[in-house]
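Participant: Quick one: sequence plus predicted model below, questions after.
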Amino acid sequence: MVARSWKVYLLAAVAVGGVAAVVAYFFWSPSLEGPELRPFVHGRPPVPVVFTSRSEPESFAPAAPEGEGFRYPGQRVWAAREGRLRLLTPSGGVLELTWNRPLEDGSTLIDVMSPSVSVDGTKIFFAGRKGGTDPGRFRLYQVGIDGSGLRQLTGGPDDTGTSALPPMRYPAGEGTDLLPPEERRRVDFDDVDPADGRENRVVFASSRHPDLGRGHARRSTQLWELDLTTGRKRSITSNRNNDRWPYHLSSVSLVFSLWSRNTEVITADGKDIRPLRDGEEGLTRPTDNWLGAIIDLNTNPRLSGLVKTAEPVWRPRPLFRNRIVYMTWKRDGLPRLDRPEDLGALRVVQVPPGLMETAPSSHPYKDELPTFGGQHRYWGPTRDREGRPLALATPSPCPDAGVLLAGAPTLPGTAGPTPGQFGIYLAADDWAAGEEGATSAEDADLRLLFDDPTLVDAEPVAVFARETTFHPVSKPHSANMGKVELLDGRHYEGPVGQFRGVRIYDAIHDNALRQQTDAGEGPVFGPAPRDAIKEIRVFASYRDWFDDPKVPRVEGAWERITRGALNPTTGNAEFLAPAGGPVVLAGFDAEGRVAQWTMPAKDKAGRQARILAYAGDHYSGVSAGGFHFCTGCHPGHSILDTNEHAERRR
């Protein structure tokens, strides 16, 4: 467990003791201001606000769409016909930062998404697509808040592209010859969601690991880190679905959204873990949840839970009030952005950090969890000041105590808002606790700042400097190469990393939120009884590959690979495993079954939580020479200091 308090993370994420706003907006070029946009300005923000204006509402889409994209230029994801990066100033001016502005190679950007502001408040990082003959995939860019220094960061001539051959195989038109491997690797990926944090490094989401995911055909994305000095890129997470929307809390720690869509379950006899087969029933079901995650980067990323709730957790951001705000929605499945009723179902909610209400892979699916006690949700307004139903999306913090939002009302007689009705709003962050709609637009002081009636205005980000503590990067913890005996008796020799299970039997998460039932008993989620777990087993979920000359997609296999004994005295396990691919972990008992136990805490109906030692709600990974760090088996774990979960008021 990382012994840093949540307050340290929060203070690193937002400015303290006032606004600390950047004043460079007094010096930008008047040529960037669009006077024709002045009629669309309805309010003035306390600090500059950068946002996107796009022809389609793709900024609200968490996952890539279905589709293989086996023909050049590959499947475009999150793309709009037109997108502009704009900045609203406290004086009411609006600047066009990218539209019709030439890049170093003379080209221009036709679409943009996912802006963020550098820690020092002087630069904007964002994803953009070029027009013309370019294949039209997203790459990373930066521009100064005064409009200077517009330049491309990824996808240039020296960028090696994907880590392996991607899905794109055939040239445009009706040709059947495969494109050259290096050309496929160079063009068929997208870089989005940049987040500045550690000095001269930017974390972003990317499809550079070619994979079409588990049980579907959606391009997967993971988190990567770009060194702006050297141009080197390294993979941070190992999801086979989608990791999105990172945001730095300190120089080495960040929050993000993780799509838990793992198809592997514990078999009915408890002796194995494998993908669920047709007509089969297991102890657990495949997961399909969007979770809020936190990761300690360093050399050896440590993944943990930030917010685990039944509703999706999209685009989590820390607020000054020591809450996490995120976008969600009140329907099932993924939003269909062409349906007004789906756009109208978008909501924004705040919760205290460390909220754990579900453990998708870690309790039998036929069992009901106990009813939790306490109220920890703070919903944004669901109606505007005129009483119309209101959709809210893409939240982010704004000094001194505000939340920036994209919002749109539903007009009478319609099923939901049209894309062009989305504008940029500002609200106070002191929302009331309770059910959906507990906070009114008046109580939240919700104000419209800007609305271009022809475009989707969204993804607002306040421009201000943040305090950041820089931490030294740790050294690798094991040799890059090694030998491992696999579970089927084969011997592996090659790149290895180290798995470390730490304090498996310790009650280190009892103070996490939602650990009390409605009867006041707790904890709901807790550690296994001592000696319940004999060993940790590692299962590989290999990524798809696209090297076969006849089969466009060879789906990644599932394989049992290795194990490590748990020390019964310390509750720790430490062992080597093959490096480089997505894996999941589980604890097995002395009889060779997935360990399980029942927590003593009961709710008013007498329900208790039965826990399974299976970390199947996310894919883990270990790099060569690095280690994978985990605590607990498995529900409710968090690397937040459990003593800091209580809300901190100003």
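Facilitator: Yep, that arrived.
Participant: Tell me which residue lies nearest the centroid of this structure.
Facilitator: residue 257 (2.2 Å; C-alpha atoms, centre = their mean).
Participant: So in terms of bridging, what pairs with it?
Facilitator: Note on residue 257: beta-bridge partners by DSSP bridges are residue 244, residue 292.
Participant: if I read this right, residue 152 contacts residue 106, doesn't it?
Facilitator: No: between residue 152 and residue 106 there is no contact under C-beta atoms under 8 Å: 12.0 Å. All C-beta spots, glycine's among them, are computed from the backbone N, C-alpha and C.
Participant: Which one of the two is surrounded by more residues?
Facilitator: residue 152 (18 against 7; other C-beta atoms under 10 Å).
Participant: From residue 122, how far out is that one?
Facilitator: 18 Å (C-beta to C-beta, to the nearest Å).
Participant: Residue 115 too?
Facilitator: As defined by C-beta to C-beta, residue 115 lies at a distance of 14 Å from residue 122.
Participant: Now do the contacts for residue 44.
Facilitator: 90-92, 449 (C-beta atoms under 8 Å, 6 or more residues apart in numbering).
Participant: Select from those residues the one having the most neighbours.
Facilitator: Result: residue 449 is most packed of the contacts of residue 44 (other C-beta under 10 Å), 22 neighbours.
Participant: Double-check that it belongs to a strand.
Facilitator: Yes: under DSSP: H, G, I helix; E, B strand; the rest coil, residue 449 sits within a strand.
Participant: For residue 621, see how far away it is.
Facilitator: 41 Å.
Participant: ok so, going back, more neighbours, residue 115 and residue 122?
Facilitator: Between residue 115 and residue 122, counted using other C-beta under 10 Å, residue 115 has the larger neighbour count: 27 against 15.
Participant: burial count for the residue lying closest to that one once chain neighbours are set aside?
Facilitator: In this structure, residue 115 finds its nearest non-sequential neighbour in residue 126, 4.2 Å apart by C-beta to C-beta, 6 or more residues apart in numbering. Neighbour count for residue 126, taken as other C-beta under 10 Å: 28.
Participant: Also residue 574?
Facilitator: Residue 574: 18 neighbours (other C-beta under 10 Å).
Participant: start the count at 48, not 1, going forward
Facilitator: Got it, first residue is 48 now, which makes that one residue 621.
Participant: which residues are in contact with the helix or strand where it lies?
Facilitator: Here residue 621 sits within strand 620-625, counting by DSSP states H and E. Contact with strand 620-625 is made by 525, 529, 531, 539, 541-548, 551, 582-583, 585, 587, 608-614, 630, 669, as judged by C-beta under 8 Å, 6+ apart.
Participant: Buried subset of these as a ChimeraX selection?
Facilitator: Those of these that count as buried under 16 or more other C-beta atoms under 10 Å are selected in ChimeraX with:
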select :525,529,531,539,542,543,544,545,546,547,548,551,582,583,585,587,608,609,610,611,613,630,669
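Participant: Next one: residue 195 from residue 339, what distance?
Facilitator: Distance from residue 195 to residue 339, by C-beta to C-beta: 35 Å.
Participant: roughly how far is stretch 322-338 from the heart of the chain?
Facilitator: 22 Å (C-alpha atoms, centre = their mean, to the nearest Å).
Participant: Just the CA coordinates for that stretch, please, in CSV.
Facilitator: Taking C-alpha atoms only, stretch 322-338 is exported to CSV below (Å, rounded to 0.1, in the frame of the first residue of the first chain):
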residue,chain,number,x,y,z
PRO,A,322,-13.6,-17.6,-20.6
LEU,A,323,-17.3,-18.5,-20.1
ARG,A,324,-18.5,-21.0,-22.7
ASP,A,325,-21.9,-21.1,-24.3
GLY,A,326,-24.4,-23.0,-22.0
GLU,A,327,-21.9,-23.0,-19.2
GLU,A,328,-22.4,-21.5,-15.7
GLY,A,329,-19.7,-20.4,-13.4
LEU,A,330,-19.5,-19.0,-9.9
THR,A,331,-19.0,-15.6,-11.3
ARG,A,332,-20.1,-13.8,-14.5
PRO,A,333,-18.1,-11.8,-17.0
THR,A,334,-17.7,-8.2,-15.9
ASP,A,335,-18.9,-5.1,-17.7
ASN,A,336,-18.3,-2.1,-15.6
TRP,A,337,-16.5,1.2,-16.0
LEU,A,338,-14.4,1.8,-12.8
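Participant: Give me the average confidence score over that stretch.
Facilitator: When pLDDT is averaged along stretch 322-338, the result is 91.
Participant: same thing with stretch 393-408?
Facilitator: Rounded mean pLDDT across stretch 393-408 is 89.
Participant: Can I get it in PDB? Just the C-alpha atoms.
Facilitator: This file holds the C-alpha atoms of stretch 393-408, laid out as PDB (Å, rounded to 0.1, in the frame of the first residue of the first chain):
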ATOM      1  CA  LEU A 393     -25.800  11.900 -19.400                       C
ATOM      2  CA  ARG A 394     -25.300  12.900 -15.700                       C
ATOM      3  CA  VAL A 395     -22.500  14.200 -13.500                       C
ATOM      4  CA  VAL A 396     -22.000  13.100  -9.900                       C
ATOM      5  CA  GLN A 397     -19.500  13.700  -7.100                       C
ATOM      6  CA  VAL A 398     -18.300  11.100  -4.600                       C
ATOM      7  CA  PRO A 399     -15.600  11.000  -1.900                       C
ATOM      8  CA  PRO A 400     -12.400   9.300  -3.000                       C
ATOM      9  CA  GLY A 401     -12.100   5.600  -2.200                       C
ATOM     10  CA  LEU A 402     -15.800   4.800  -2.600                       C
ATOM     11  CA  MET A 403     -16.200   1.000  -3.100                       C
ATOM     12  CA  GLU A 404     -19.700  -0.400  -3.700                       C
ATOM     13  CA  THR A 405     -19.000  -3.300  -6.000                       C
ATOM     14  CA  ALA A 406     -16.400  -6.000  -6.700                       C
ATOM     15  CA  PRO A 407     -17.500  -7.300 -10.100                       C
ATOM     16  CA  SER A 408     -15.300 -10.400 -10.200                       C
END
